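> What follows is a predicted protein model with its sequence.
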Amino acid sequence: MKHTLAILVVNRPTVLSHISGLISRRAFNIDSIAAGPTEDPKVTRISLVVECEEEEVDQVQKQLAKLVDVIKITDLTSNKSISRELAMIKVRARAENRSEIVDIVNIFRAKIVDVNRETMVIEMTGESDKADALIEVMQEHGIIEIVRTGKIALGRGPESAREKDDN
């Protein structure tokens, strides 16, 4: 099962590599990892998706909590949360199929962010399944490149990950 963890850490070099190293040493696969600043410039939020069993995710959380720079860990998998992913897809776009590509982009509520004589770049934000579906549909047009951010997630409701105490 895939588990989504929100990890608040002290914003300093090497924290991300320590976290990814700890997880890989335990032989868990990191499905996606995304890090960025929070409302506090001294704190970084890491959204981590790891594939493991329920009892294993508890072990992952305990191991991560031992790291000095980890402030808080929240498992958003079973909590009410909102998750998104950004994908950019460069596809072949000849004059004869451009309108079909534009129609598909509109159906997925994505947008075209670059166009030239031979290609288009599509930007899509949404659930990971939505990105997968758009990529599958675009295969017939000839995908040149894909880049995806990985999942980012926030808990629903008024409290923040910093205030909420899951322990």
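Arrived safely, thanks for sending.
> Show me which strand runs longest in this protein.
Criterion DSSP state E: the longest strand present in the chain is strand 81-92.
> The nearest residue to residue 89 once chain neighbours are set aside and residue 49: what is the separation?
Once flanking residues are discounted, residue 89 sits nearest to residue 122: 4.7 Å by C-beta to C-beta, 6 or more residues apart in numbering. C-beta coordinates here come from the backbone N, C-alpha and C atoms, glycine included. Noted for residue 122: a distance of 23 Å to residue 49, by C-beta to C-beta, to the nearest Å.
> Quick check: buried residues in the lowest-mean-pLDDT helix or strand in the chain?
Of all helical and strand segments in the chain, the minimum by mean pLDDT, DSSP states H and E falls on helix 54-65, at a mean of 87. Of all the residues in helix 54-65, those buried under the rule 16 or more other C-beta atoms under 10 Å are 56, 57, 60, 61, 63, 64.
> what do you get for stretch 19-29?
Residues 19, 22, 23, 28 are the ones in stretch 19-29 that count as buried (16+ other C-beta under 10 Å).
> now the strands: where do they sit in the chain?
Using DSSP E, the strands assigned to the chain run over residues 2-10, 29-37, 43-51, 70-75, 81-92, 111-115, 119-126, 143-148, 152-155.
> Dump those to a markdown table, plus distance to residue 101.
A markdown table is the format used below for the strands of the chain (distance: least, C-beta to C-beta, whole Å):
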| stretch | distance to residue 101 |
| --- | --- |
| strand 2-10 | 31 |
| strand 29-37 | 26 |
| strand 43-51 | 29 |
| strand 70-75 | 39 |
| strand 81-92 | 7 |
| strand 111-115 | 8 |
| strand 119-126 | 6 |
| strand 143-148 | 11 |
| strand 152-155 | 27 |
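> any chance of those in CSV, with distance to residue 100 and mean pLDDT too?
Shown next, in CSV, are the strands of the chain (distance: least, C-beta to C-beta, whole Å; pLDDT from 0 to 100):
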stretch, distance to residue 100, mean pLDDT
strand 2-10, 33, 93
strand 29-37, 30, 91
strand 43-51, 33, 92
strand 70-75, 42, 92
strand 81-92, 11, 94
strand 111-115, 13, 97
strand 119-126, 11, 97
strand 143-148, 15, 97
strand 152-155, 31, 89
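> out of the ones you listed, nearest to residue 104?
With C-beta to C-beta as the measure, strand 119-126 is the member of the strands of the chain nearest residue 104 (8.6 Å).
> Could you tell me the angle between the direction of that closest one and that of strand 143-148?
Counting by axes from the mean of the first three to the mean of the last three C-alpha atoms, to 10 degrees, strand 119-126 lies at 30 degrees to strand 143-148.
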